[in-house]
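# Sharing a sequence plus its predicted fold:
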Amino acid sequence: MKNLAFIIVALIVLVGCKPESEKTADTIYFGGDIITMSGDSPKYAEAVVVKDGKILFVGSKDEAMTFEGSETELFDLQGKTMLPGFIDGHCHFGGFGAQAVGANLLASPDGQVSDIDALVNSLKEWAKGPDLKRVGWIYGMGYDDAVLKEGRHPTKEDLDKVSTEIPVIAIHISGHFVVLNSAGLKAVGITAETKNPEGGIIRRMPGSNEPNGVLEELAAIPVMMKIITPKNEEDVFYFLDKAQDLALKFGYTTAEEGRAFGNHEDFMNYAEKKGFKIDVVSYLDYSMRNNVKGLSCSANMETHEVTGESFNRMNSPWTGKKYTNGYRVGGMKITLDGSPQGRTAWCTEPYLIPPDGQKEGYRGYPAIPDDKIVEGLFEKAFQQNWQVEIHTNGDAAIDQLIRTMRPAAEKYGNDDRRIVMIHGQFLRRDQYKDLKELKIIPSMFTMHTFYWGDWYKQIIGPERAQQICPAKSLIDDGFKITIHTDAPVALPNLMQIVWASVNRVSRSGDLMGPDERITPYQAMQAITIWSAWQHFEEDKKGSIAEGKLADLVILSDNPLKIDPMKINNISVEATIKEGKMIYKK
C-alpha cells in the first residue's frame, strides 16, 4: 500500500509539472501603463507575458513573474505606455516607400513647403541625391494648394524651374492630382490634342488646349502610379524596405494597401522571397488589369468595363483572411469620386469657389457615372464573398454607394461582410440610417479637420465645414468606426489622427464641429480593436488578451492621461510584432 501511495503521489506531481520550456515566458513586460483595449472603457494590466509570439498571460506583476525562467527577458517599461500594435483603418502602404524616398513637399507639421518657391527648391535638392538615377524622374509628394501661399497648384512653368530636361512630377497631398513639367508631359505623351479621360481632367492654359501641367483624378492617377512604381526587383525591394521602416516608426503592426494596382505583384514577390516584417493586407482596385499569377481584375479605367472572367481569377491562395509571409488580399476597392479639398468630390450642393475652368454651380463629379457598372461590381463582389472598400467623399457619391450596393445586399444577404465606406467627408446625418441598414462600416478621415478645416470654410461655407468627417454622432448611433491617415496623403502618424479626432482643431485654431469630438480612448479603439474588427482580425489582434498575437507598441506617454492637445507629440518608442521587437527608437 505504501508503494501504491508513493506511485499515486509521484504521478500527481508529474502531471502537474510541465517542462520549463512550455510554461516559461520569452518576455515579461511590466513597469508602465499597459492599456489592454478590451471593453468599452479603459482597462489596465500590470504585466504582459509573451511566449512563442503570442500573449500567454495578462494581469498582475506577481502572477506574471511565475512564468519567469532562466531564459526569460524581463522588460521594464520604465513608465512608458504599452498598447496593442496599431492598425490603420485605411492607408496606402505601397506609397509609404515612395513617400520615404521622394522629396517631402508637405506643409507643417509634416514638412516645410509653404509656397511654390519652397516646392521648387525641395525638388532641386532632392535631384542632387542618389535616388534620381533609381527613379528616372525628379519627384516629390504632398504639396497642398490649399496651404501654399499662392493659393493655387503649381504648373508646368513652375516645375520647368526645377529642370527643363529631366521629367518632373509633383504629387498633390490628396493623391488625386499631379503636376508635370514640360519634359514630363512629353514623356507621358500628353499634348494639346489629348482628350480628357472619363473621370479625369487635363487642365489647360488659359484660352487654349495646351496642357498647363495639372492633371486630375483618372488623368492623374494612372500616370502617377506608372512613374513612382519601381521598375525592377532591386528597386521594388528597396522601396518596400523603406515602406516598412516608415510604418514601424509609427507603430504599425498591420498596414493596408487600400488601392492596389500592379504593385500587388510586387507585394507577392516580396512576400515570397523576403517576407514582410509586419502584416500587409491589400484591396485590389476593380480596374487592375494585370494578369498576375492567377489573381487579377481586368478593366479599362477610362470605360470602367470589367470582365466577369477576370474577377473569377481573384479566387487564389492570396485572397482571404490568412497571411502568407505577411501578405494577403482582403478584397476589392471601388472609387466613386475624388478629393474634397481638391474639389473633385461629388456633392449634392455646389462648391462656393469652383476650381479653375469650372462654372458656378459646380458640384464635383463621379468617378463611375453609370450606376449599372457599380451595381455590377457589387454583384460580382457579393457573389464571390469579397470584402469591399468604397472611396466616397461627397454626399452624392455616398448616395450612389447606397443605391448601387442595395440590390446585391438584397439578393445575397449582407451578414458580416464588413463593407467599408472610406473617408465620408461630407456624410449627411440622414444617410446614417441607410449605412446601418446595409451594415456599412464608416472609416473616417478625421485628420481633415486640421489639415483642411480652414479651407473647407471657404469652399463649402462655415456651417457645412463644421459637419465634415463626423465621428462621435456615428459612435452614439451604434457604429463601430475606424479612423485613418490615408498615408502617404500625410505622414502615417497615427498619433496625429488620434489628436485630430479628439481635438478637431484647424490650422488656425478654430474648433471644427466640437460636438463630433471623440474621447482619447475611443480614438485608440479606432486604430486598434475596431480596426482589427474591420479587417476580420479581432480574434488575433487589436487588444492585449491571452491567446492573441503579441503585436504591441510602446509609446512615450499615455494618450489617455496626457493633455489632449499634446497627443500628437507622443512618439513610438518600440514596435513589437509577434513577440519580436522590430523597431526601437
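Okay, I see it. Treat the numbers as computed from the prediction; the structure is a model and nothing was measured.
# among the helices and strands of the protein, which one scores worst on average pLDDT?
Least confident helix or strand of the chain, by mean pLDDT, DSSP states H and E, is strand 299-300 with a mean of 38.
# How is the protein divided into domains?
Listed by automatic domain parsing, the domain ranges of the chain are 106-172+177-219, 233-577.
# quick one, phi/psi of Gln466?
phi -70, psi -10 (degrees, to the nearest 10).
# cool, and Phe86?
According to degrees, to the nearest 10, Phe86 has phi -80, psi 140.
# Phe93 now?
The phi/psi pair for Phe93 (degrees, to the nearest 10) is phi -60, psi -40.
# Give me the neighbour count for it.
29 (other Cβ atoms under 10 Å). For the C-beta atoms, the positions are set from N, CA and C on the backbone; glycine is no exception.
# same deal with Ile34?
With other Cβ under 10 Å as criterion, Ile34 counts 23.
# Starting from the host helix or strand of it, tell me which strands it pairs with and how they run.
Per DSSP states H and E, Ile34 falls inside strand 27-35. Within its sheet, strand 27-35 is paired with strand 44-51 (antiparallel), strand 73-76 (parallel), strand 81-84 (parallel), according to DSSP bridges.
# Run the chain-centre distance for the last one.
In terms of Cα atoms, centre = their mean, to the nearest Å, the centre of strand 81-84 is set 20 Å apart from its chain centre.
# And the next helix or strand past it?
Next in line after strand 81-84, if elements are assigned by DSSP H and E, sits strand 86-87.
# Residues touching that following strand, excluding its own?
Residues outside strand 86-87 that contact it (Cβ atoms under 8 Å, 6 or more residues apart in numbering) are 250-254, 256, 494, 527-528, 531-532, 535, 537, 541-542, 553.
# again, but for stretch 186-193
So stretch 186-193 is contacted by 137, 167, 180, 185, 202, 204, 208-211, 215, 223, 226-227 (Cβ under 8 Å, 6+ apart).
# Straight-line length of that stretch, end to end?
Start-to-end span of stretch 186-193 (Cα to Cα, to the nearest Å) is 12 Å.
# Quick one: closest of the strands paired with strand 27-35 to Lys436.
Lys436 lies closest to strand 81-84 among those, at 26.9 Å (Cβ to Cβ).
# can you name the two of the contacts of strand 86-87 that are farthest apart?
Phe250 and Glu537 (19.0 Å).
# What's the local residue count around the residue nearest to Thr519 when sequence neighbours are not counted?
Among residues not flanking Thr519 along the chain, Val502 sits closest, at 7.0 Å (Cβ to Cβ, 6 or more residues apart in numbering). The number of residues packed near Val502 is 23, by other Cβ under 10 Å.
# State the phi and psi torsions of Val502.
phi -80, psi -40.
# Point to the residue nearest the middle of the protein.
The chain has Cys91 as the residue nearest its centroid, 1.3 Å off, counting by Cα atoms, centre = their mean.
# got the phi/psi numbers for that residue?
The phi/psi pair for Cys91 (degrees, to the nearest 10) is phi -150, psi -180.
# coming back round to it: next one: the strand holding Ile34 to chain centre, how far?
On Cα atoms, centre = their mean, the centre of strand 27-35 falls 28 Å from the chain's centre.
# can you check stretch 332-340 too?
Its chain's average C-alpha position is 14 Å from that of stretch 332-340, according to Cα atoms, centre = their mean.
# what's the first-to-last distance across that stretch?
Span of stretch 332-340 from end to end, Cα to Cα: 23 Å.
# Stretch 135-148 now?
26 Å.
# dump the residue contacts of Leu401.
Contacts of Leu401 by Cβ under 8 Å, 6+ apart are Leu336, Ile390, Thr392, Met421, Ile440.
# mind listing what's buried in stretch 464-479?
464-475, 479 (16 or more other Cβ atoms under 10 Å).
# Spatially, which two of these are the most separated?
Ala465 and Phe479, at 22.2 Å, using Cβ to Cβ across these.
# Would you map the strands across the stretch 201-350 of the chain?
211-217, 252-260, 279-285, 299-300, 305-306, 327-335 (DSSP state E, counting those that start in this stretch).
# go on, the stretch 451-585 of the chain?
482-483, 552-555, 572-577, 580-584.
# Give me the contacts around the last one.
By Cβ under 8 Å, 6+ apart, the list of residues contacting strand 580-584 from outside reads Gly53, Leu248, Lys249, Lys277, Ile278, Val572, Glu573, Ala574, Thr575, Ile576.
# do that again at 10 Å, thanks
26-27, 50, 53, 73, 75, 244-245, 247-253, 277-278, 550, 552-554, 572-577 (Cβ atoms under 10 Å, 6 or more residues apart in numbering).
# and Gln384, which of the strands of the stretch 451-585 of the chain is closest to it?
Going by Cβ to Cβ, the one of the strands of the stretch 451-585 of the chain nearest Gln384 is strand 482-483, 23.7 Å.
# That closest one - what's its average pLDDT?
What strand 482-483 shows for mean pLDDT is 98.
# do stretch 389-397 as well
98.
# same deal with stretch 500-513?
Mean predicted lDDT for stretch 500-513 stands at 97.
# Just the terminal-to-terminal distance for that stretch.
OK, stretch 500-513 end separation, Cα to Cα: 12 Å.
# tell me which residues in that stretch are buried?
Ala500, Ser501, Val502, Asn503, Arg504, Val505, Ser506, Arg507, Met512, Gly513.
# Let me have the residues you listed in JSON lines, extended by distance to Ala409.
Listed next are the buried residues of stretch 500-513 as JSON lines, based on distance: Cβ to Cβ, whole Å:
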{"residue": "Ala500", "distance to Ala409": "32"}
{"residue": "Ser501", "distance to Ala409": "29"}
{"residue": "Val502", "distance to Ala409": "34"}
{"residue": "Asn503", "distance to Ala409": "36"}
{"residue": "Arg504", "distance to Ala409": "32"}
{"residue": "Val505", "distance to Ala409": "38"}
{"residue": "Ser506", "distance to Ala409": "37"}
{"residue": "Arg507", "distance to Ala409": "40"}
{"residue": "Met512", "distance to Ala409": "33"}
{"residue": "Gly513", "distance to Ala409": "30"}
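# Those residues in helices, which ones?
Using DSSP state H, the members of those that fall within helices are Ala500, Ser501, Val502, Asn503.
# ok, back up a step: now do the strand holding Ile34 against strand 572-577, angle only.
120 degrees (axes from the mean of the first three to the mean of the last three Cα atoms, to 10 degrees).
# Return the set of buried residues in strand 27-35.
Of the residues in strand 27-35, those buried (16+ other Cβ under 10 Å) are Thr27, Ile28, Tyr29, Phe30, Gly31, Gly32, Asp33, Ile34, Ile35.
# Identify the residues contacting the third one.
If you count contacts by Cβ under 10 Å, 6+ apart, Tyr29 has them with 45-50, 58, 61, 64, 73-77, 80, 82, 544, 550, 552, 554, 576.
# thinking again about what came up before, ranking the strands of the stretch 451-585 of the chain by burial, who's on top?
Highest mean neighbour count among those (mean count of other Cβ atoms under 10 Å): strand 482-483, with a mean of 27.
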